[in-house]
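Engineer: got a predicted model here, sequence first, then my questions.
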Amino acid sequence: MLTISFCNNGPTIPSDVLPHILEPFYTTKPSGSGLGLWVCYNLVQKYGGALNVRNLASDRGVAFDVTLPVVR
């Protein structure tokens with residue numbers, strides 16, 4: 001498996017929102033569809049991988065970890 005982490009140094013995701021962020025149609029944006037992360041999550045799963053979202057320590061930002069199988 002190979003894991004790639006995409007991190008930012010912006011605000012963290014509130015603890016009440018974090019468990020729902022990969023659910024379809026869940027959004028905190030007034031004009032959002034709530035499908036962007038859900039589509040990414042499903043594509044990664046389709047190829048045998050995993051997508052995880054976590055707040056970085058000390059409120060330093062957010063990390064999206066994409067894990068996919070390595071094909072030889």
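Structural biologist: Nice, thanks for sending it over. Residues are numbered from 1 along each chain as shown.

Engineer: C-alpha from now on. contacts and neighbour counts both.
Structural biologist: Will do.

Engineer: got the contact list for the closest residue to Leu22 other than its chain neighbours?
Structural biologist: Closest residue to Leu22 apart from its sequence neighbours, by C-alpha to C-alpha, 6 or more residues apart in numbering: Trp38 at 5.1 Å. Trp38 sits next to 22-24 when contact means C-alpha atoms under 8 Å, 6 or more residues apart in numbering.

Engineer: hang on, Trp38 in a helix?
Structural biologist: Yes: under DSSP: H, G, I helix; E, B strand; the rest coil, Trp38 sits within a helix.

Engineer: ok, what's across the strand from Asp65?
Structural biologist: Ser5, Asn52 (DSSP bridges).

Engineer: pLDDT value on it, please?
Structural biologist: With respect to pLDDT, Asp65 has a value of 98.

Engineer: wait, what's in contact with it?
Structural biologist: If you count contacts by C-alpha under 8 Å, 6+ apart, Asp65 has them with 3-6, 50-53.

Engineer: which one of these has the most neighbours?
Structural biologist: Most neighbours among the contacts of Asp65, by other C-alpha atoms under 10 Å: Leu51, with 21 neighbours.

Engineer: surely Leu37 meets Leu22?
Structural biologist: Yes: taking contacts as C-alpha atoms under 8 Å, Leu37 lies within contact range of Leu22: 5.7 Å.

Engineer: run a quick neighbour tally on the residue lying closest to Ala50 once chain neighbours are set aside.
Structural biologist: For Ala50, ignoring the flanking residues on the chain, the nearest one in space by C-alpha to C-alpha, 6+ apart is Thr67 at 5.1 Å. Residues within reach of Thr67, counting by other C-alpha under 10 Å, total 19.
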